[in-house]
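J.: output the structure for:
(2 chains)
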2 protein chains.
Amino acid sequence: MSSSSRPIILTGDRTTGPLHIGHYVGSLRSRIELQHTHQQYVLLADAQALTDNAHDVDKVRSNVIEVALDYLAVGIDPELSAICVQSALPALAELSMLYLNFVSVARLERNPTIKEEISARGFGRDIPAGFLCYPAAQAADITAFKATVVPVGEDQIPMIEQTNELVRRLNRQIGHRLLPEATALISPVGRLPGVDGKAKMSKSQGTAILLSSTDQEIETAVQRIYTDPNHLRVSDPGRVDGNVVFTYLDAFDTDKEEVENLKDHYARGGLGDSFLKRRLSELLKATIGPIRERRALLSRDPDTIMDIIRHGTKLAREITERTKVEIMTGLGLFRL
Amino acid sequence: MSSSSRPIILTGDRTTGPLHIGHYVGSLRSRIELQHTHQQYVLLADAQALTDNAHDVDKVRSNVIEVALDYLAVGIDPELSAICVQSALPALAELSMLYLNFVSVARLERNPTIKEEISARGFGRDIPAGFLCYPAAQAADITAFKATVVPVGEDQIPMIEQTNELVRRLNRQIGHRLLPEATALISPVGRLPGVDGKAKMSKSQGTAILLSSTDQEIETAVQRIYTDPNHLRVSDPGRVDGNVVFTYLDAFDTDKEEVENLKDHYARGGLGDSFLKRRLSELLKATIGPIRERRALLSRDPDTIMDIIRHGTKLAREITERTKVEIMTGLGLFRL
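T.: Below is the predicted model:
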C-alpha cells in the first residue's frame, strides 16, 4: 500500500516524563504494528503538557527528548512514523484559536473527560483557561493531520466525540466534507495501575516502571507490587482480582495458558507471591533490557535525535499548514 | 526620531463593517497624528471579529478590505503605519494559546469588559469559548508587537490591565523584563452615539454615518438625528445634554466658541433644530467628502490595496515571530 493511501493515525504523548511500561502495553506496542499499515504521526505534545504545567516549563521541555528517546528505543521507526513537536507546528495553534469560536464555554465544561480531569487535578475555580480549552486544541491536532484513527483510552472517548462534533459543524459551514470524522481506537489493554495498585503509575511517587529502568530498579519495583494483603502464607488461597502482579502478567506474559494456570493455583492456595514476582521480574527485564540498551545508545547521539525530530516536524508542518489553508479558505476567511 | 526608537503603538479594528464617523473622531484622527511620532501597527482584526461572528465569515472577510480602504482614505500612511491582517500572523495564535495556560477561567470571567460584553450580546451560557478567551488573545496581540501604547475606549481599560498582569507573570517566569507593560491611551472624544441617541452606531440599524456615505446619505442621516423631543417650536428653550446634534458638533466643529454660543442660544430658546442640522450636515460633508473620494479612487485599484496589506503584514510577521521566539525561548520551551 502506498503511504499516501494509508489511513492516517494521530497519536502522541504529553511530554511530562519519560514513558513507562503502562505506555508500552497501552499504546507503544500497537504503534510499532500500526506504522506498517498506517501513515502515523506521533506528537510530542509539549503544548498540551503546558495546559497544566505552565509553572514548570523545564520539565515539559526536557521530556521532549526523553519521550522521543523512548519512542525510538521501543521501535517506532522514523522512516515509517513522523515524530513531531507540537509547539513547533503553528497551524495547530491557529486552528485551535479558530475552533474556540465554534464551541461554547458550556459545551467545554460539559465534556466528561475535562470534568473528570478538573476534579482529579483539584483545580477548582483556578483551572487554567488552556486546560478548559484543550478539547478544541485536540480537535485542531486531529483535524490538522486529517487523522481518521486516534488511539485513546476509554476515558478519552468524549474528546473524540467533541472533535467529530466540531468536524460536522465546520464541514456544514464549509459546504462539503473537507474534514474526516475520527474513530477512537481503544487499546485492548486498559491503563496499567501503579505498583501500589493505585489507578495511575506515577514517576514521582515511585510507582511507575520506566522503560529506562535498570534490572535492579525493575526488581525493586516488582518487590513493591501490591498483591493480596490477606495472602499471608503460601498455603492461603489468594485473590487474583485487583492483584497487580496478575494485571502485569496479563499484559506482558505471552503464555496466556500458563498465566491462567497460575491464577487458578494462586486462588486455590499453595502459590507464593515471590514465585509470581520472580516470573514477572524476568519478563520485564527481558522486555525492558533491549529497550534500555537502545535508549542508552541513542542518547549518546543527540544530533541524530534532533535530526529525526526535525525531519518529522517538517513533514508534519507541511500537512498541517496545507489543512489550515484549506479550512481557512473553505470557511471564507481573508487570504493574502 | 528614527523609527526604531519610536514608542510602539498597537491599534486596529474588528473587521465587521466599514468604519463610520465614530471611528473617525474616536481613533482614526489620532492615528493620523500618532504615525508621525510612533511606530504604529494597525491590525485588521479579523480573527477577533470571528470570536462572535463565526457564523458569518463572509462579513468578516469582506470587511478586511473595506476597513483597509477606510484607513487609507482617512490618511493612514502605509509608509508610516503597518496595516496588517491578524489571521495572517500565526505568532498571535501561538502566543494566545500559550497565554491561556497562564490565566484561569475564573480570571477571564471576572474581566469587567468581558462581563459587560457577554451581557450586552445576550450570550448567556452559549458564549463562544473564543469570546471568553479574548483577553488572552488581546494580550498576545499587544505583547507580540511589544506595544507600549494602546489607544482604547474607557470600557477597554480592564483589557489592558489583564494584559499587564500577564506581562508581569511572564516576565517573572522568564526572569527578566522581556515584555514591556502597555499604557492605555484614552481617546479625548468618547464613543459617538448613533443618530438615534442610542449608545452605539449601528450600520444595520441605519444609525451610523459611514466614512463612505454620499452627501445625500449624510443629509438623510442628519435629518434623523435625535435632538430634544420637547423642543417643539423654535422659540422653546431646548435641552443640550443628550442632544446628539451637539454631541456631533462637539466632535467635528473646530469653532468651539461658536458651538458654545449655539448651545447657549438653543438653551434659551429661539434656535431651531434645522439650523443646527444644516451646520452639522455641511461640516460632515466637508469632512467625509474628500475621504469618500479617496476611498472610491483607491477601491478601483485592488492590487495596490493588497500590496499595501501584504507589505504591512510581512513587517508585522517579522516582529511578531521574533517576539514569539524570544518568549518561547525565555520560558524555556523546546526549540528545534
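J.: and the pLDDT for the closest residue to chain B within the stretch 151-300 of chain A?
T.: Each residue of the stretch 151-300 of chain A has a distance to chain B, by CB to the nearest CB, and the smallest belongs to residue A:173, at 7.5 Å. Backbone N, C-alpha and C define where each C-beta goes, glycine included. The pLDDT attached to residue A:173 in the predicted structure is 98.
J.: go on, residue A:3?
T.: Residue A:3 is assigned a pLDDT of 56 by the prediction.
J.: re earlier: how near is the residue of the stretch 151-300 of chain A closest to chain B to residue A:146?
T.: From residue A:173 over to residue A:146 the distance is 17 Å, taken as CB to CB, to the nearest Å.
J.: which of these two has more residues huddled nearby?
T.: Taking other CB atoms under 10 Å in any protein chain shown, residue A:173 and residue A:146 do not tie; residue A:146 has more neighbours (18 against 15).
J.: which SS class is the residue nearest to residue A:10 when sequence neighbours are not counted?
T.: Nearest residue to residue A:10 in three dimensions, chain neighbours excluded: residue A:147, at 3.6 Å (CB to CB, 6 or more residues apart in numbering or on different chains). Here residue A:147 is coil, with the state taken from DSSP: H, G, I helix; E, B strand; the rest coil.
J.: can you give me the helices in the stretch 1-150 of chain A?
T.: With DSSP state H, counting those that start in this stretch applied, the stretch 1-150 of chain A shows helices at A:21-23, A:29-34, A:46-50, A:57-74, A:90-99, A:105-110, A:112-121, A:129-132, A:134-144, listed in chain order.
J.: closest to residue A:262 out of the ones you listed?
T.: Between residue A:262 and these, the tightest spacing by CB to CB is seen for helix A:21-23, at 19.3 Å.
J.: and the contacts of that closest one?
T.: For helix A:21-23, the surrounding residues in contact (CB atoms under 8 Å, 6 or more residues apart in numbering or on different chains) are A:13, A:70, A:191-192, A:201, A:208-211, A:248, A:251-252, A:284, A:287-288.
J.: need the mean per-residue confidence for it.
T.: Per-residue pLDDT values across helix A:21-23 average out to 95.
J.: which residues of the stretch 101-250 of chain A lie near chain B?
T.: With the criterion set to CB under 8 Å from any CB of the partner chain, the stretch 101-250 of chain A comes near chain B through A:101-106, A:108, A:125-133, A:136-137, A:173.
J.: cutoff 7 Å now
T.: With the criterion set to CB under 7 Å from any CB of the partner chain, the stretch 101-250 of chain A comes near chain B through A:101-106, A:108, A:125-130, A:132-133, A:136.
J.: so how far is stretch A:215-228 from its chain's centroid?
T.: Relative to its chain's centre, stretch A:215-228 lies at 23 Å (CA atoms, centre = their mean, to the nearest Å).
J.: give the buried residues for that stretch.
T.: Within stretch A:215-228, the residues scored as buried using 16 or more other CB atoms under 10 Å in any protein chain shown are A:218-219, A:221-222, A:225-228.
J.: and which of those is nearest residue B:296?
T.: For residue B:296, the nearest member of those is residue A:221. The distance, counting by CB to CB, is 77.4 Å.
J.: quick one: classify the closest one as helix, strand or coil.
T.: Note that with three-state DSSP, the state of residue A:221 is helix.
J.: wait, isn't it in contact with residue A:209?
T.: Yes. With contacts defined as CB atoms under 7 Å, residue A:221 counts as touching residue A:209 at a distance of 4.8 Å.
J.: ok, back up a step: let me have the buried residues of stretch A:215-228 in TSV, extended by pLDDT.
T.: What follows is these, written out as TSV (pLDDT from 0 to 100):
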residue	pLDDT
A:218	97
A:219	96
A:221	95
A:222	96
A:225	94
A:226	92
A:227	92
A:228	92
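J.: and of those, the nearest to residue A:141?
T.: For residue A:141, the closest of those turns out to be residue A:221, at 32.7 Å, with distances computed as CB to CB.
J.: who touches the closest one in this structure?
T.: When the contact criterion is CB atoms under 7 Å, 6 or more residues apart in numbering or on different chains, the partners of residue A:221 are A:195, A:209.
J.: next one: it from residue A:49, what distance?
T.: Relative to residue A:49, residue A:221 is positioned 24 Å away (criterion: CB to CB).
J.: ditto for residue A:127
T.: The span separating residue A:127 from residue A:49 equals 16 Å under the rule CB to CB.
J.: these two: who's more crowded?
T.: Neighbour count, other CB under 10 Å: between residue A:127 and residue A:49, residue A:49 has more, with 26 against 20.
J.: list phi and psi for the residue of chain A most remote from its centre.
T.: For chain A, the residue at maximal distance from the C-alpha centroid (CA atoms, centre = their mean) is residue A:235, at 40.1 Å. With angles defined as degrees, to the nearest 10, residue A:235 shows backbone torsions of phi -70, psi -20.
J.: do residue A:208 as well
T.: Note on residue A:208: its backbone torsions stand at phi -110, psi 150 [degrees, to the nearest 10].
J.: pretty sure it is touching residue A:194, no?
T.: Yes. Counting by CB under 7 Å, residue A:208 touches residue A:194, with 6.4 Å between them.
J.: okay, and the common contacts of the two?
T.: Residues touching both residue A:208 and residue A:194 by CB under 7 Å, 6+ apart: A:201-202.
J.: low pLDDT regions in chain A?
T.: Using pLDDT under 70 as the threshold, the predicted model of chain A has low-confidence ranges A:1-4, A:125.
J.: quick check: longest helix in it by residues?
T.: Among the elements of type helix in chain A, defined by DSSP state H, the one spanning the most residues is helix A:302-331.
J.: what's it packed up against?
T.: Packed against helix A:302-331, as judged by 3 or more CB pairs under 7 Å, 6 or more residues apart in numbering or on different chains; DSSP states H and E, are the following elements: helix A:57-74, strand A:81-85, helix A:90-99, helix A:134-144, helix A:157-174.
J.: any buried residues in whichever strand or helix holds residue A:279, and which?
T.: Under the criterion of DSSP states H and E, residue A:279 resides in helix A:273-299. Applying a neighbour-count criterion of 16+ other CB under 10 Å, the buried positions in helix A:273-299 are A:273, A:276-277, A:279-281, A:283-285, A:287-288, A:291-292, A:294-295, A:298.
J.: how about stretch A:203-218?
T.: Buried positions in stretch A:203-218, judged by neighbour count with 16+ other CB under 10 Å: A:207-213, A:218.
J.: pretty sure residue A:324 sits against residue A:97.
T.: No. Residue A:324 is beyond contact range of residue A:97, at 11.1 Å (criterion: CB under 7 Å).
J.: the more surrounded of these two?
T.: When neighbours are counted by other CB under 10 Å, residue A:97 comes out ahead of the other of residue A:324 and residue A:97, with 31 against 21.
J.: which residues are in contact with that one?
T.: Going by CB under 7 Å, 6+ apart, the list of residues near residue A:97 reads B:47, B:93, B:96-97, B:130, B:137.
J.: same thing but at 8 Å, please
T.: Contacts here follow CB under 8 Å, 6+ apart; on that basis residue A:97 touches B:47, B:93, B:96-97, B:130, B:133, B:137.
J.: now for those: which two are most distant?
T.: B:47 and B:97 (12.4 Å).
J.: touching chain B at all, stretch A:39-49?
T.: Yes. Applying CB under 8 Å from any CB, one finds that stretch A:39-49 is in contact with chain B at A:44, A:46-47.
J.: for that stretch, buried residues please.
T.: Neighbour-count burial for stretch A:39-49, counted by 16+ other CB under 10 Å, picks out A:39-49.
J.: now swap in stretch A:302-321 and tell me
T.: For stretch A:302-321, using 16+ other CB under 10 Å, the buried residues are A:305, A:308-309, A:312-313, A:316-317, A:319-321.
J.: ok, stretch A:50-63 next?
T.: Residues of stretch A:50-63 classed as buried under the neighbour-count rule (16+ other CB under 10 Å) are A:50-54, A:57, A:60-61, A:63.
J.: give me the contacts around stretch A:232-241.
T.: For stretch A:232-241, contacts defined as CB under 8 Å, 6+ apart pick out A:227-228, A:230-231, A:246, A:263, A:266-273.
J.: in this structure residue A:40 contacts residue A:7, no?
T.: No. At 9.6 Å, residue A:40 does not count as touching residue A:7 under the criterion of CB atoms under 8 Å.
J.: thanks a lot, see you next time.
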